[in-house]
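Asker: heads up, no residue letters with this:
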């Protein structure tokens, strides 16, 4: 049985900076704070179809070469679907789900990686982050090796123009030599232009991030991002060089005692000993923000809030849609597809189970999808339009 990993820790911060940008601190004093009660007694009651309208589905072809162990990242670009698989490779499908090729270059030689941690796409070029070497490999989309450069040891990255790279270095050293604890570092021409250090302001109320949350998300013509274990969500547009606070989410308390002098090892120990809410999906549609989080009553709760006034529109687990399809939002990266669409990634075993429960009353769509899959199939991608 294949699965989507929701348990692995993937802390993140992304930034988009131009050559002429001035890097300066950002005040959080005026950030909208939204308090979301995670208890079952506070859940709302709405039908999924009142906000999400079914659009289409894609069954990813399952062959010996394209069978997915677990999905670590999904990127849609140029009518292709790029899936970062748990086996440290990228599997490429066309818009209809047909398997095209894979990027799989394990090894120690030129053009090879030890651990494919993350990837980014710029125009027709793939950039692959090897977190073990560490280095960034450059490939064309037709899998032609174009070169490699040294990189920081990081959990994720974002290619920022010709010579700049933004890294999530988690609890790493930005300079690679002197021990410092950074969450983000901007590298240009092999030099560290800017590094953001952990401190008590970054921690406070805290969240961890599951493997279902990518290292960044491009939505509404801006990058949506979050700091490691931080209650604020941030955005970045082309007119701004520093992360700008979008909203402060008051869901869980960390009760951590952390200051500027707290070492990285101490931070790691505190976070391991302190339970935190897990964020696993973030979407932003115009003025509406959707955040998926776990609670004591359900591992998958979704809150939709109005960023203009902080009003909570929805706060509950999502029910199956009118076709009987379970809705399991998964944050993805899209270079061309509108982000008003929600992506639900559904395990084929779940679809088979739903069909069994519904029996003769199952919808024609559920029956149709069920005929195209079996227990060994890849996950099914289901898209929904958000009714703004």
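Answerer: Looks like it came in fine. Predicted model only: the values in this text are computed from it and were never measured. Residues are numbered from 1 along each chain as shown.
Asker: next, count neighbours for the closest residue to residue 94 other than its chain neighbours.
Answerer: Take residue 94 and drop its neighbours on the chain: the residue closest to it by Cβ to Cβ, 6 or more residues apart in numbering is residue 100, 5.7 Å away. The way it works is simple: take the backbone N, C-alpha and C, and place the C-beta from them, glycine included. Using other Cβ atoms under 10 Å, residue 100 has 15 other residues around it.
Asker: I'd guessed residue 100 sits against residue 93; true?
Answerer: Yes: between residue 100 and residue 93 there is a contact under Cβ atoms under 8 Å: 6.1 Å.
Asker: list residues touching both of these two?
Answerer: Taking Cβ atoms under 8 Å, 6 or more residues apart in numbering as the contact rule, the neighbours common to residue 100 and residue 93 are residue 80.
Asker: show me the shaky parts of the stretch 151-300 of the chain.
Answerer: Low-confidence segments of the stretch 151-300 of the chain (pLDDT under 70): 161, 170-186, 188-189, 193-221, 225-231, 236-243, 252-264, 267-268, 270-278.
Asker: and if we set it to 80?
Answerer: 158, 160-164, 166-245, 248-280, 294-296 (pLDDT under 80).
Asker: which one is residue 334 nearest to, not counting chain neighbours?
Answerer: residue 76 is the one closest to residue 334 (Cβ to Cβ, 6+ apart), at 4.5 Å.
Asker: oh, I was asking about residue 283
Answerer: Distance criterion Cβ to Cβ, 6+ apart; nearest residue to residue 283, sequence neighbours excluded, is residue 290 at 4.3 Å.
Asker: what about the one you found, which SS state?
Answerer: strand (DSSP: H, G, I helix; E, B strand; the rest coil).
Asker: flag every buried residue along stretch 68-81.
Answerer: Of all the residues in stretch 68-81, those buried under the rule 16 or more other Cβ atoms under 10 Å are 68, 70, 71, 72, 73, 74, 75, 76, 77, 80, 81.
Asker: ok, the residue nearest to the fourth one when sequence neighbours are not counted - contacts?
Answerer: Leaving aside its sequence neighbours, residue 72 sits nearest to residue 84 (Cβ to Cβ, 6+ apart; 4.3 Å). For residue 84, the set of contacting residues under the criterion of Cβ under 8 Å, 6+ apart consists of 71, 72, 73, 74, 75, 90, 116, 118, 119.
Asker: name whatever forms a beta bridge with the first one.
Answerer: The one in question is residue 71. residue 85 (DSSP bridges).
Asker: would you quantify the distance from it to residue 269?
Answerer: 30 Å (Cβ to Cβ, to the nearest Å).
Asker: re the thing from before, surely the residue nearest to residue 283 meets residue 301?
Answerer: No: counting by Cβ under 8 Å, residue 290 sits too far from residue 301 to count as a contact (11.0 Å).
Asker: these two - which one has more neighbours?
Answerer: Between residue 290 and residue 301, counting by other Cβ under 10 Å, residue 301 is the more crowded of the two (24 against 21).
Asker: just checking, the more buried one touches residue 314?
Answerer: No: if you go by Cβ under 8 Å, residue 301 and residue 314 don't touch, sitting 9.8 Å apart.
Asker: one step back: which SSE is the residue nearest to residue 94 in?
Answerer: strand 99-103 (DSSP states H and E).
Asker: show me what that strand is packed up against.
Answerer: strand 89-94 (3 or more Cβ pairs under 8 Å, 6 or more residues apart in numbering; DSSP states H and E).
Asker: circling back to that earlier point, I'd like the buried residues of stretch 68-81 as CSV, with distance to residue 366, pLDDT and secondary structure appended.
Answerer: Converted to CSV, the buried residues of stretch 68-81 look like this (distance: Cβ to Cβ, whole Å; pLDDT from 0 to 100; DSSP: H, G, I helix; E, B strand; the rest coil):
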residue, distance to residue 366, pLDDT, secondary structure
68, 22, 95, coil
70, 24, 90, coil
71, 22, 91, strand
72, 28, 89, strand
73, 28, 90, strand
74, 23, 92, strand
75, 28, 92, strand
76, 24, 91, strand
77, 30, 88, strand
80, 27, 94, strand
81, 22, 96, strand
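Asker: those residues: which two are farthest apart?
Answerer: Farthest pair in the buried residues of stretch 68-81 (Cβ to Cβ) is 70 and 77. Separation: 21.2 Å.
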